[in-house]
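Novice: Starting from these lines, generate the structure:
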Amino acid sequence: MSIEINYPPKLKAISIHAPHAYAICLGIKKDEYRSQPTNCRGWVLIHASQSKQSDDYFADYGIEPTKVKRGAIIGAVKIINCVGFSGDYAYQLANPIKFSRPVEGVKGKQAIFWGAKTDVEKIAFTLASEQIREYLLR
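Specialist: Here you go, the predicted model:
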């Protein structure tokens, strides 16, 4: 099976520990806090990282940890603003989407926002952007 690579060239992803990634995609978490500001606005893919460091937060969000995918692009959200907050920066989020078909087998990156460079990432971004389009066309 071949796939036509087709996603917006400026589309980026952000890797987030799984509890927070799912909380964002479910609309529970409205801000993502980082130590650096961003000028990034618009759609960003949400990648649930493999880390289990924050797993205690699943209970706080009411999310069942056995039902999550890690190392996957699980959804998307729009970044609408970035404001300073207690020495950090709050990326204000809107229009969360939790994908019905998480794109698995995707390694995250340490960079705050990362784009598709490898063939696997380009396919993953294409599959993810198709789900954003499906959501917007409903």
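Novice: mean confidence for stretch 44-51?
Specialist: Mean pLDDT, stretch 44-51: 97.
Novice: so how far is that stretch from its chain's centroid?
Specialist: Computed by CA atoms, centre = their mean, to the nearest Å, the chain-centroid distance of stretch 44-51 equals 5 Å.
Novice: Pull the residues that contact the longest strand along the chain.
Specialist: The longest strand of the chain (DSSP state E) is strand 88-104. The contact list for strand 88-104 (CB atoms under 8 Å, 6 or more residues apart in numbering) reads 22, 24-27, 29-38, 40, 48, 69, 71-84, 124, 127-128, 131-132, 135. Using the backbone N, CA and C atoms, a C-beta is placed for each residue, glycine as well.
Novice: among the residues you listed, which ones are buried?
Specialist: For the contacts of strand 88-104, a burial check counting by 16 or more other CB atoms under 10 Å picks out 22, 24-26, 29, 31-32, 38, 48, 69, 71-77, 79, 82, 124, 127-128, 131-132.
Novice: that older thread, may I have the strands that pair with the longest strand of the chain, each with its orientation?
Specialist: Taking DSSP bridges as the criterion, strand 88-104 sits next to strand 31-34 (antiparallel), strand 72-85 (antiparallel) in its sheet.
Novice: can I get the CA coordinates of that strand in PDB?
Specialist: Provided in PDB are the C-alpha atoms of strand 88-104 (Å, rounded to 0.1, in the frame of the first residue of the first chain):
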ATOM      1  CA  ASP A  88       6.500  30.200  32.500                       C
ATOM      2  CA  TYR A  89       4.300  30.600  29.400                       C
ATOM      3  CA  ALA A  90       0.800  29.300  28.900                       C
ATOM      4  CA  TYR A  91       0.000  28.200  25.400                       C
ATOM      5  CA  GLN A  92      -3.700  28.800  25.200                       C
ATOM      6  CA  LEU A  93      -5.500  26.000  23.400                       C
ATOM      7  CA  ALA A  94      -8.900  25.700  21.500                       C
ATOM      8  CA  ASN A  95     -10.800  23.300  19.300                       C
ATOM      9  CA  PRO A  96      -9.300  20.000  20.600                       C
ATOM     10  CA  ILE A  97      -9.700  16.900  18.600                       C
ATOM     11  CA  LYS A  98      -9.100  13.300  19.800                       C
ATOM     12  CA  PHE A  99      -8.400  11.200  16.800                       C
ATOM     13  CA  SER A 100     -10.600   8.100  16.400                       C
ATOM     14  CA  ARG A 101      -7.600   6.400  14.800                       C
ATOM     15  CA  PRO A 102      -4.400   7.400  16.700                       C
ATOM     16  CA  VAL A 103      -1.300   7.300  14.500                       C
ATOM     17  CA  GLU A 104       1.000   4.900  16.300                       C
END
